[in-house]
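Novice: okay, here's the prediction I keep looking at, along with the sequence it came from:
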Amino acid sequence: MNDINTKHIAVMLTEAINFLNIKPDGIYVDCTLGRAGHSKVILSKLTSGKLYAFDQDQTAIDNSNIILKDFKNNYEIIKSNFASIRSELLQRNVTKVDGILYDLGVSSPQVDDDTRGFSYMKDAKLDMRMDQSQELNAWEIVNNYSYQQLKSIIKNYGEEVFASRIAKNIIKARTYQSIDTTLQLVAIIKKSLPVRILNKHHHPAKKTFQALRIAVNNELASLKSSLQQSLQLLKTNGRIVVITFHSLEDRIVKQTFNNAITDPQAQVYAKLPIYSNWQTKYQLILKKPLVPKADEIAKNPRARSAKLRVITYIDL
């Protein structure tokens, strides 16, 4: 189900675009092209400027090229993980940009595509690869990783309290037959959880599926690396806007931004009778993350967990 018309609603679209503070002749990067929801609006505000958009998913790239075809030559889609942002832009002789956007939600068409294995609501082969050309997929992890590896992934990336029980039951189940599909895995997860958890509002497999998706796509390490590179790419008054959808992502963004505005020797100077003249070249635009308004959540429940953070470069 790779229909270009599959509905995808860009979360906090207006807020993200407004905080990017787009200049018509500026250079911008959309690190998470998806179905071009943000890219389309960015391009509508550019005249002589240019947009570079990253995505690993060839289906998303093909569909976005159709959506963006009217914008002629002022955009380029780069098929790559955004962890390669600096090297990819350097290959195009771009060393500084005016704004960078990250929308870290898995795009709705990916989740809804029966063949991709992201959803715990639909039966599909265990996959979860953003980049369909990479070798590692969810099947490989579920069927071949050790108990300790599975427990660590589910606990650390899914923040799942019952990680140990789920990992043990995965190991037990696969001794009889391979775990090939999403709903096979869901059944194992449900057997691992107490009734009080099964009766809660959230789907019992949500945390484990999140954990596997993060592990398959190396999402957290890629995000950390990409953000650190992005800070170095900003022109004066350039901005990074990030929309996160779970606490692990948000923690990385918060820490990366806070590190950029904090003297690395602050703790040392605090114990000495010496005054530090260190000054940050970055400034937080928002002291606290922005969250979606109630009416947006009502229209798009997937926006519920979103948080938006913004930082800018101020050359002193």
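Specialist: Looks like it came in fine.
Novice: how about low-confidence regions in the stretch 151-300 of the chain?
Specialist: Scanning the stretch 151-300 of the chain for pLDDT under 70 picks out 265-276, 278.
Novice: try 90
Specialist: 195-202, 261-280, 300 (pLDDT under 90).
Novice: mind listing the strands for it?
Specialist: 234-244, 282-284 (DSSP state E, counting those that start in this stretch).
Novice: isn't Lys254 right up against Arg309?
Specialist: Yes. Between Lys254 and Arg309 there is a contact under CB atoms under 8 Å: 6.8 Å. C-beta: built from backbone N, CA, C; applies to glycine.
Novice: need the strands of the stretch 151-300 of the chain in a markdown table with mean neighbour count and distance to Asp25, can you?
Specialist: As requested, the strands of the stretch 151-300 of the chain are exported to a markdown table (neighbours: other CB atoms under 10 Å; distance: least, CB to CB, whole Å):
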| stretch | mean neighbour count | distance to Asp25 |
| --- | --- | --- |
| strand 234-244 | 22 | 12 |
| strand 282-284 | 16 | 23 |
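Novice: quick one: these as CSV, columns for distance to Asn93 too.
Specialist: Converted to CSV, the strands of the stretch 151-300 of the chain look like this (distance: least, CB to CB, whole Å):
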stretch, distance to Asn93
strand 234-244, 15
strand 282-284, 25
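Novice: what sits in contact with each of Lys254 and Arg309?
Specialist: Counting by CB atoms under 8 Å, 6 or more residues apart in numbering, the shared contacts of Lys254 and Arg309 are Pro289.
Novice: hey, C-alpha coordinates of stretch 194-203 in PDB?
Specialist: C-alpha atoms of stretch 194-203 as PDB (Å, rounded to 0.1, in the frame of the first residue of the first chain):
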ATOM      1  CA  PRO A 194       0.000  -8.800  33.500                       C
ATOM      2  CA  VAL A 195      -3.800  -8.300  33.000                       C
ATOM      3  CA  ARG A 196      -3.600  -4.800  34.500                       C
ATOM      4  CA  ILE A 197      -1.300  -3.700  31.700                       C
ATOM      5  CA  LEU A 198      -3.300  -5.400  29.000                       C
ATOM      6  CA  ASN A 199      -6.400  -3.500  30.100                       C
ATOM      7  CA  LYS A 200      -4.700   0.000  29.800                       C
ATOM      8  CA  HIS A 201      -5.500   2.400  27.000                       C
ATOM      9  CA  HIS A 202      -2.200   2.100  25.200                       C
ATOM     10  CA  HIS A 203      -1.600  -1.000  23.000                       C
END
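Novice: name the surrounding residues that touch it.
Specialist: Applying CB under 8 Å, 6+ apart, the external contacts of stretch 194-203 come out as Tyr120, Met121, Phe162, Lys190, Pro204.
Novice: settle it for me: which of Lys254 and Arg309 has more neighbours?
Specialist: Remark: of Lys254 and Arg309, Arg309 carries more neighbours, 22 against 17, as counted by other CB atoms under 10 Å.
Novice: and that one, that one's in a strand?
Specialist: Yes. Using DSSP: H, G, I helix; E, B strand; the rest coil, the assignment for Arg309 is a strand.
Novice: which pLDDT value goes with it?
Specialist: You'll see Arg309 listed with a pLDDT of 98.
Novice: quick one: pLDDT of the residue most central in space within the chain?
Specialist: Centroid-nearest residue in the chain: Leu104, 2.5 Å away (criterion: CA atoms, centre = their mean). pLDDT, Leu104: 92.
Novice: contacting residues for it?
Specialist: Neighbouring residues of Leu104 by CB under 8 Å, 6+ apart: Thr32, Glu219, Leu223, Val242, Ile243, Thr244, Phe245, Glu249.
Novice: what is the nearest of those residues to Ser87?
Specialist: Closest approach between the contacts of Leu104 and Ser87, by CB to CB: Leu223, at 16.6 Å.
Novice: how about the closest one, nearest residue that isn't a chain neighbour?
Specialist: Spatial nearest neighbour of Leu223, excluding adjacent residues (CB to CB, 6 or more residues apart in numbering): Ile252 at 5.5 Å.
Novice: the one you found contacts Ser222, doesn't it?
Specialist: No. If you go by CB under 8 Å, Ile252 and Ser222 don't touch, sitting 10.2 Å apart.
Novice: tell me how far Asp70 lies from Leu43.
Specialist: Using CB to CB, to the nearest Å, Asp70 is found at 9 Å from Leu43.
Novice: would you map out the domains in the protein?
Specialist: 13-109+219-313, 116-217 (automatic domain parsing).
Novice: ranges for the helices of the stretch 101-250 of the chain?
Specialist: 108-112, 138-144, 147-158, 163-174, 182-192, 195-198, 206-217, 219-233, 247-260 (DSSP state H, counting those that start in this stretch).
Novice: okay, those in JSON lines with distance to Ile314 next?
Specialist: Formatted as JSON lines, the helices of the stretch 101-250 of the chain follow (distance: least, CB to CB, whole Å):
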{"stretch": "helix 108-112", "distance to Ile314": "36"}
{"stretch": "helix 138-144", "distance to Ile314": "43"}
{"stretch": "helix 147-158", "distance to Ile314": "35"}
{"stretch": "helix 163-174", "distance to Ile314": "43"}
{"stretch": "helix 182-192", "distance to Ile314": "47"}
{"stretch": "helix 195-198", "distance to Ile314": "47"}
{"stretch": "helix 206-217", "distance to Ile314": "33"}
{"stretch": "helix 219-233", "distance to Ile314": "12"}
{"stretch": "helix 247-260", "distance to Ile314": "11"}
